[in-house]
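Trainee: attaching a predicted model along with its sequence, questions to come.
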Amino acid sequence: MFAPAAGFAANLLGACGILANFAWPLFHRRESMLAAQATGCVFFTAHFVLIDATTGAVMATLAGVQALLAIPLGARPGFRVVYLLTLPLTAAALAVTWYGLPSLFAAIGLTLTSLGRYQIVVIRFRTLILASIPAWTLHNFLVGSIPGLLSDAFTLASGGWVLFSAYQRGRRARVEARGDATAAGHARTVARRLLELRSPGTPYWCWGYSFPWQMRHELVPRFAPNLVCTTFAANALLDAHEFGLGPGFLAPAVSAGEYLAKELYWNDGGHAGFAYPLPDIREPIHNANFLGAALLCRLARLTGEKSALDAALAAARYSAGSQREDGSWPYGTASRQQWVDNFHTGYTLCALQSIGADLGTDEFEPVLLKGLGFYLEHFFTARGEPKYFHDRTYPIDIHSVAQSLITLVAFRQHDSSADALAQSVFAWTMAHMWDDRGFFYYRVLRALTIRTSYMRWSQAWMLMATSILANESLAVPA
């Protein structure tokens, strides 16, 4: 029978619980959502105690403990055993505090909540926890908890809106909402193929080029690992993990981060960075520093493991401090590395954006905006030609085209001209670098065009760039 909750203290605690439960769906990170849920459980435990709803109080306590125990699951899969041990406690608490239908509905609610918190993929996490709310609503109605009922209504509203929005946007949401098994299957196959292409003979997951390549003084063998290949491969695996393409993609990416932090990071007191292109080279390369730092920051966000952040921030701060007065970065610090080019600057800007988003910091915002201003002013002609170097038009390289499109889309919220410029670059490229046989040319020079098709340098990067354009509803080829 319904009886309104009595007492100012009980209602005040319930109101605090309402705020916490309304807020948790609004967070993006799984760890933050769990922390907010645990906070709400503290308030509702006290609330249920004051209104003599024993089972509700016990279940809310267990729910809070579970929320805290669920936080490490993404970074430490072995911790799942500890989490699963809470399920028998739920059954025991139900038996000890049984009070008819209210106890039954509380148990159903916590069971669904427990299954939700066990999920690493955020979309499943949200769905199962929201599915538990009707059972909690029935419990709260039967025990006369007005704050509990209000909490259920507000949480359903905020959580339902976020869940609906998530299903309507993003690549993973499109795959799941439309049931596009073909797209998901292709993506999963490619991600698994990437795992097969790791560099052999190393305890870490890392990657190198699938061909030998010539440095100034030595020939680097095929598959010799390096930072750039490893960061791009690891980020692709993290995409597969976050898009819910299956298990087995996070751990190799974590290992790649360990490779950067333990094998490539160096700091001599005045300089800091990640070794590139070979592990024994100690010359700071700015885009490599930012790419490595961005990967470690993304891993810290996804796993909660922050031990490598000192290395990441030291490298990023060193290279941020090496920005020139005009906003540009030279390729490196050596006298032979003082050129400024389009795609390495694009790497740098996107990496800085990623670092800020993953750490929730604006530390690098002034540097980022200054660099973006230089990039927009110096790397594009009035016709939309993306220049390779900042101080001359030619050559126009397809890799610079691809990264220009990726960078402009990434910063469309920072500069109102980015959308129009991206479409201008794309239109020029289709007119001058697209072959109707189905590929993009390598380079446009002042007097001629090199029409060679390179899979890695040209086609793969333009596939990614045009996919991003399509995903953002900008112009793409038919």
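Mentor: Good, I have the coordinates.

Trainee: what about the longest helix in the protein?
Mentor: If you go by DSSP state H, the chain has its longest helix at helix 146-168.

Trainee: what's next to it, contact-wise?
Mentor: 4-5, 10-11, 13-15, 17-18, 21-26, 40, 44, 47-48, 56, 122-123, 126-127, 129-130, 133, 136-137, 139-141, 173, 176-177 (C-beta atoms under 8 Å, 6 or more residues apart in numbering). Heads up, the C-betas are built off the backbone N, CA and C, glycines and all.

Trainee: likewise stretch 14-27?
Mentor: Contacts for stretch 14-27 (C-beta under 8 Å, 6+ apart): 5, 32-34, 36-37, 39-41, 43-44, 47, 126, 130, 145-148, 150-151, 154-155, 157-159, 161-163.

Trainee: of these, grab the buried ones for ChimeraX.
Mentor: Only the buried entries of these go into this ChimeraX selection, using 16 or more other C-beta atoms under 10 Å:
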select :5,33,34,36,37,39,40,41,43,44,47,126,130,145,146,147,148,150,151,154,155,158,159,162,163
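
Trainee: strands along the chain, start to end?
Mentor: Listed from the start of the chain, the chain has strands (DSSP state E) covering 213-214, 219-220, 265-267, 272-274, 396-397, 434-435, 439-440, 443-444, 449-450.

Trainee: right, and the ones you listed - which one's nearest residue 405?
Mentor: strand 439-440 (11.7 Å; C-beta to C-beta).

Trainee: distance from the closest one to the middle of the chain?
Mentor: 30 Å (C-alpha atoms, centre = their mean, to the nearest Å).

Trainee: and it, which strands flank it?
Mentor: Next to strand 439-440 in the sheet, as set by DSSP bridges, lie strand 434-435 (antiparallel).

Trainee: now what about the partner strand, what contacts it?
Mentor: With C-beta under 8 Å, 6+ apart, strand 434-435 has contacts from 440, 441, 451, 453, 477.

Trainee: quick one: which two of those are the most distant?
Mentor: 451 and 477 (17.6 Å).

Trainee: ok, back up a step: return a PyMOL selection command for the buried portion of the contacts of strand 434-435.
Mentor: Buried subset of those, written as a PyMOL selection, criterion 16+ other C-beta under 10 Å:
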select buried, resi 440+441
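
Trainee: now distance to residue 314 too, for the contacts of strand 434-435, in CSV please.
Mentor: CSV is the format used below for those (distance: C-beta to C-beta, whole Å):
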residue, distance to residue 314
440, 38
441, 41
451, 44
453, 41
477, 43
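
Trainee: out of the contacts of strand 434-435, the closest to residue 98 would be?
Mentor: residue 477 (64.9 Å).

Trainee: starting at the chain centroid, how far to stretch 25-33?
Mentor: Distance, centroid of stretch 25-33 to centroid of chain: 13 Å (C-alpha atoms, centre = their mean).

Trainee: can you map out the helices along the stretch 351-478 of the chain?
Mentor: With DSSP state H, counting those that start in this stretch as the criterion, the stretch 351-478 of the chain has helices at 365-378, 398-410, 418-432, 461-471.

Trainee: tell me the contacts of the spatially most central residue of the chain?
Mentor: The structure's the chain has its C-alpha centroid closest to residue 298; by C-alpha atoms, centre = their mean the separation is 6.0 Å. Taking C-beta under 8 Å, 6+ apart, we find residue 298 in contact with 235, 238, 354, 358.

Trainee: so which of the contacts of helix 146-168 are in helices?
Mentor: Using DSSP H, the contacts of helix 146-168 in helices are 10-11, 13-15, 17-18, 21-23, 40, 44, 47-48, 56, 122-123, 126-127, 129-130, 133, 136-137, 139-141, 173, 176-177.

Trainee: who's in contact with residue 42?
Mentor: Counting by C-beta under 8 Å, 6+ apart, the residues that residue 42 touches are residue 64.

Trainee: now do the same for the residue nearest to the centre of the chain: its pLDDT.
Mentor: pLDDT, residue 298: 97.

Trainee: quick check, pLDDT for residue 180.
Mentor: 51.

Trainee: then residue 169?
Mentor: So residue 169 comes in at 55 (pLDDT).

Trainee: going forward can the numbers begin at 295, since that is how I track them
Mentor: Understood, numbering begins at 295; the last thing we discussed is residue 463.

Trainee: quick one on the thing from earlier: format the strands of the chain as TSV; extra columns: mean pLDDT.
Mentor: Below are the strands of the chain laid out as TSV (pLDDT from 0 to 100):
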stretch	mean pLDDT
strand 507-508	84
strand 513-514	84
strand 559-561	94
strand 566-568	93
strand 690-691	95
strand 728-729	88
strand 733-734	94
strand 737-738	95
strand 743-744	93
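
Trainee: figure out which of those is closest to residue 383.
Mentor: strand 559-561 (42.7 Å).

Trainee: other SSEs contacting the closest one?
Mentor: Secondary-structure packing of strand 559-561 (3 or more C-beta pairs under 8 Å, 6 or more residues apart in numbering; DSSP states H and E): strand 566-568, helix 603-614.

Trainee: go again using 7 Å as the cut-off
Mentor: The contact analysis (3 or more C-beta pairs under 7 Å, 6 or more residues apart in numbering; DSSP states H and E) places strand 559-561 against helix 603-614.
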